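Novice: got a predicted structure here, sequence first:
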Amino acid sequence: MDKLSEIMAAKRQALAGSIRPVRNQELERLGQMQRQGGSFLKALARKDRLSVIAEIKRKSPSAGEIASATLDAVEQAREYVNAEADCLSILTDTDYFGGKLQDLWDVVEFLECHQRKTPCLRKDFMVHPVQVAEAAEAGARCILIIVRALENDEIKALRDAADIAGLDILYEIHEERELEKALRFDPKIIGVNNRDLKRFKTDLVVSEALIPQIPNGIIKVSESGIFDPEDATRARECGADAILVGEALMKAEDPEALMEAFHQA
Ligand SMILES: O=P(O)(O)OC[C@@H](O)[C@@H](O)c1c[nH]c2ccccc12
């Protein structure tokens with residue numbers, strides 16, 4: 001079993017106790033609250049520079065420990081916002097990535113207090129609309145759908161829930177046939193994950209192969225394994241509108257300088 005299948009199985013099991021029907025009415029109400037920030041989609045769509053989604057990530061199965069388990073998500077968010085991140089990605093998976101839903105709540109509260117509009121992605125292994133409701137309630141503006149990990153009917157249920165709650169969706173793909181599958185759902189944002197979730201190697205060749213195949217009008221994101229401005233330039237040159245960066249920004253001594261270099265790539 002590859003790592004993604006293992007994580008998905010664990011997630012389904014962990015979630016089993018909280019599965020309940022989620023009514024449209026509830027999602028609509030959460031959507032009307034729109035707790036935080038501007039549109040995720042719009043933040044990525046600017047044409048004048050490469051957009052950066054900065055990820056708060058304490059550990060991962062591939063990298064091991066990236067930051068202390070006690071790292072304060074709000075402090076990290078403060079650094080990212082000062083460095084002019086366009087969007088934040090907040091990992092809320094605990095078992096494999098050391099995050100929690102409360103991180104999202106805390107970061108959104110921090111952003112609200114400082115009147116920053118930086119929109120947040122709830123980065124987790126989504127399987128059921130219950131998680132979409134949680135994301136909306138905490139103030140996320142986007143959710144992740146990992147195309148290879150889900151059946152079509154699951155993707156549809158997640159998409160419909162996100163639509164009603166007013167959340168954008170980042171459809172994540174890694175192979176050509178996943179692009180075909182994603183396109184059936186009328187995606188507005190597609191992310192190409194450069195990380196092979198079987199072997200855990202990252203290779204920007206994956207973005208270079210797939211991003212040019214994504215139809216015009218869809219926002220294109222290159223995800224994972226982007227460490228320096230040269231990597232960002234490669235992503236930009238193959239057509240990426242945005243990059244999603246975790247480890248490099250988490251470990252950077254000067255995140256502001258690195259972010260600026262990414263923006264200029
Ligand atoms: O730390 P990196 O190599 O910059 O990668 C960030 C992000 O792309 C990665 O964390 C990621 C991409 N897709 C995911 C799905 C689930 C969890 C994590 C991820």
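Specialist: Perfect, thanks for sending it. Numbers count the residues shown, from 1 in each chain.
Novice: for the rest of this, base every contact and every neighbour count on C-alpha atoms.
Specialist: Noted.
Novice: which residues of the stretch 151-265 of the chain fall in strands?
Specialist: For the stretch 151-265 of the chain, applying DSSP state E, counting those that start in this stretch gives strands covering 168-173, 189-193, 219-223, 242-245.
Novice: deepest of those, which one?
Specialist: Mean neighbours per residue, mean count of other Cα atoms under 10 Å, is largest over the strands of the stretch 151-265 of the chain for strand 219-223, with a mean of 28.
Novice: ok, it: who's next to it in the sheet?
Specialist: Its sheet considered, strand 219-223 pairs with strand 189-193 (parallel), strand 242-245 (parallel) by DSSP bridges.
Novice: turn the strands of the stretch 151-265 of the chain into a markdown table, including distance to residue 160.
Specialist: Shown next, in a markdown table, are the strands of the stretch 151-265 of the chain (distance: least, Cα to Cα, whole Å):
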| stretch | distance to residue 160 |
| --- | --- |
| strand 168-173 | 10 |
| strand 189-193 | 15 |
| strand 219-223 | 20 |
| strand 242-245 | 24 |
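Novice: residue contacts, residue 166?
Specialist: Contact analysis of residue 166 by Cα atoms under 8 Å, 6 or more residues apart in numbering lists 31, 34, 141.
Novice: top of these by neighbour count?
Specialist: Using other Cα atoms under 10 Å as the neighbour criterion, residue 141 leads the contacts of residue 166 with 29 neighbours.
Novice: these two touch, right, that residue and residue 117?
Specialist: No: using Cα atoms under 8 Å, residue 141 is not in contact with residue 117; the gap is 10.6 Å.
Novice: quick check: the nearest residue to residue 165 once chain neighbours are set aside vs residue 170, distance?
Specialist: In this structure, residue 165 finds its nearest non-sequential neighbour in residue 31, 4.1 Å apart by Cα to Cα, 6 or more residues apart in numbering. Here residue 31 is placed at a distance of 18 Å from residue 170 (Cα to Cα, to the nearest Å).
Novice: quick one: closest of the strands paired with strand 219-223 to the ligand.
Specialist: In terms of Cα to the nearest ligand atom, the element of the strands paired with strand 219-223 nearest to the ligand is strand 242-245, at 3.7 Å.
Novice: residues contacting the residue nearest to residue 165?
Specialist: Contact partners of residue 31, counting by Cα under 8 Å, 6+ apart, are 136, 164-167.
Novice: element containing it, please.
Specialist: Per DSSP states H and E, residue 31 falls inside helix 24-33.
Novice: what's around residue 63, how many residues?
Specialist: Neighbours of residue 63 under the rule other Cα under 10 Å: 10.
Novice: ok, it - contacts?
Specialist: By Cα under 8 Å, 6+ apart, no residues touch residue 63.
Novice: and the pLDDT for it?
Specialist: As predicted, residue 63 sits at a pLDDT of 93.
Novice: do residue 1 as well
Specialist: Per-residue pLDDT puts residue 1 at 74.
Novice: okay, now it: neighbour count?
Specialist: Using other Cα under 10 Å, residue 1 is surrounded by 6 other residues.
Novice: quick one: average confidence on stretch 18-35?
Specialist: pLDDT averaged over stretch 18-35 gives 92.
Novice: can I get it as CSV, trimmed to CA atoms?
Specialist: Extracted C-alpha coordinates of stretch 18-35, given in CSV (Å, rounded to 0.1, in the frame of the first residue of the first chain):
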residue,chain,number,x,y,z
SER,A,18,-18.0,12.2,13.2
ILE,A,19,-19.7,11.3,9.9
ARG,A,20,-23.2,12.8,9.8
PRO,A,21,-25.4,14.1,7.1
VAL,A,22,-24.5,17.7,6.3
ARG,A,23,-27.5,19.8,5.2
ASN,A,24,-27.3,22.4,2.5
GLN,A,25,-28.9,24.8,4.9
GLU,A,26,-26.0,24.5,7.3
LEU,A,27,-23.4,25.0,4.5
GLU,A,28,-25.3,28.0,3.3
ARG,A,29,-25.3,29.5,6.7
LEU,A,30,-21.6,28.9,7.1
GLY,A,31,-21.1,30.4,3.7
GLN,A,32,-23.0,33.6,4.6
MET,A,33,-20.8,34.0,7.7
GLN,A,34,-17.7,34.2,5.5
ARG,A,35,-15.5,34.7,8.5
